[in-house]
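1. the sequence isn't on hand, but the structure is:
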């Protein structure tokens with residue numbers, strides 16, 4: 001199936017609300033577990049001097065999990081949608097998480113150099129972010145500018161199915177009881193996603209071939225490593 005890009009930013013209030021209300025806890029928790037596992041593998045611990053960026057953080061689900069899991073580490077969620085960050089900041093005020101903050105930044109602007117973000121991250125994570133970029137190399141370019149030397153990368157995203165029929169089957173399998181607006185967005189995301197082979201080529205082209213990309217299940221691939 002040929003890739004069909006979707007909107008880079010989710011800004012329609014009804015879409016944002018449906019996404020914020022959805023239960024993505026399994027996928028969100030996997031990002032945290034992958035980071036825990038990789039830190040253990042390389043024998044590294046995170047402390048108060050470390051900085052984690054959650055790229056295209058949306059309503060802050062993963063950023064919040066990370067901030068609670070590593071309460072001494074500064075965590076910053078970055079997103080270009082004001083509506084999404086409104087959702088994230090509302091939860092932040094409710095939970096009083098002291099080591100978590102958010103920045104409204106269009107990630108493409110970091111890649112082009114229009115915005116020079118002053119801080120560099122020790123860890124960069126993302127979940128279902130890559131497929132939103134019309135040009136995936138903007139995403140990789142931004143990450144290269146935001147990470148310190150030996151920055152840890154944990155990225156997770158959907159795999160594009162082989163056909164529209166398969167995408168429809170996956171949508172019905174995983175979101176059969178979800179609101180129609182969420183099901184439509186998920187279907188669009190499946191069609192906008194990349195294959196593992198495409199992502200591997202992107203990493204190679206971007207000078208990020210040290211990162212490992214592999215398929216996790218019928219829905220997701222993960223990218224893990226240090227640069």
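-> Alright, I've got the coordinates. In this text the structure is predicted, and so the values were computed from the model without any measurement.
2. which SSE is the residue of the chain positioned farthest from its centre in?
-> Within the chain, the residue lying farthest from the chain centre (CA atoms, centre = their mean) is residue 165, at 25.8 Å. Assigning secondary structure by DSSP states H and E places residue 165 in helix 164-175.
3. before we move on, what about residue 103?
-> Residue 103 belongs to strand 100-104, assigned by DSSP H and E.
4. and residue 224, by the same measure?
-> Once you assign secondary structure using DSSP H and E, residue 224 falls within strand 220-226.
5. now swap in residue 92 and tell me
-> helix 82-95.
6. mean confidence score for that helix?
-> For helix 82-95, the mean pLDDT works out to 84.
7. identify the residues contacting that helix?
-> Helix 82-95 is contacted from outside by 10-13, 16-17, 19-20, 57-60, 63-64, 77, 79, 100-102, 104, using CB atoms under 8 Å, 6 or more residues apart in numbering. All C-beta atoms are positioned from the backbone trio N, CA, C, and that covers glycine.
8. mind listing what's buried in the longest helix along the chain?
-> Counting by DSSP state H, the longest helix found in the chain is helix 25-42. For helix 25-42, burial by neighbour count (16 or more other CB atoms under 10 Å) applies to 27, 28, 30, 31, 32, 34, 35, 38, 39.
9. closest to residue 48 out of those?
-> residue 39 (15.6 Å; CB to CB).
10. wait, that closest one touches residue 152, no?
-> Yes: Residue 39 lies in contact with residue 152 (CB atoms under 8 Å); the separation is 7.4 Å.
11. and the angle from the longest strand that the chain contains to helix 164-175?
-> Identified as the longest strand of the chain according to DSSP state E is strand 147-158. Computed by axes from the mean of the first three to the mean of the last three CA atoms, to 10 degrees, the angle separating strand 147-158 from helix 164-175 equals 100 degrees.
12. returning to what we had before: now the angle from the helix holding residue 92 to strand 100-104?
-> Using the same axes, to 10 degrees: helix 82-95 against strand 100-104 is 160 degrees.
13. buried residues in helix 82-95, which are they?
-> Buried-residue list, helix 82-95, by 16+ other CB under 10 Å: 83, 84, 85, 87, 88, 89, 91, 92.
14. ok, back up a step: got the contact list for the longest helix of the chain?
-> Here helix 25-42 has contacts from 45-46, 61-62, 65-66, 69, 123, 125, 127-128, 152, 154, 156, 216, 220, 222, 224, 226, using CB under 8 Å, 6+ apart.
15. could you rerun that using 7 Å?
-> Helix 25-42 has contacts (CB atoms under 7 Å, 6 or more residues apart in numbering) with 45-46, 61-62, 65-66, 69, 123, 125, 127, 152, 154, 156, 222, 224.
16. which strands and helices lie in contact with the next helix or strand after it?
-> As assigned by DSSP H and E, the chain's next helix or strand after helix 25-42 is strand 51-55. Packing partners of strand 51-55 (3 or more CB pairs under 7 Å, 6 or more residues apart in numbering; DSSP states H and E): helix 61-69, strand 74-79, strand 121-127.
17. and the last one, what other elements does it pack with?
-> In terms of contacts (3+ CB pairs under 7 Å, 6+ apart), strand 121-127 is packed against helix 25-42, strand 51-55, helix 136-146, strand 147-158.
18. dump the ones you listed to a markdown table, plus mean pLDDT and distance to residue 3.
-> Formatted as a markdown table, those follow (pLDDT from 0 to 100; distance: least, CB to CB, whole Å):
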| stretch | mean pLDDT | distance to residue 3 |
| --- | --- | --- |
| helix 25-42 | 91 | 21 |
| strand 51-55 | 98 | 20 |
| helix 136-146 | 97 | 10 |
| strand 147-158 | 97 | 12 |
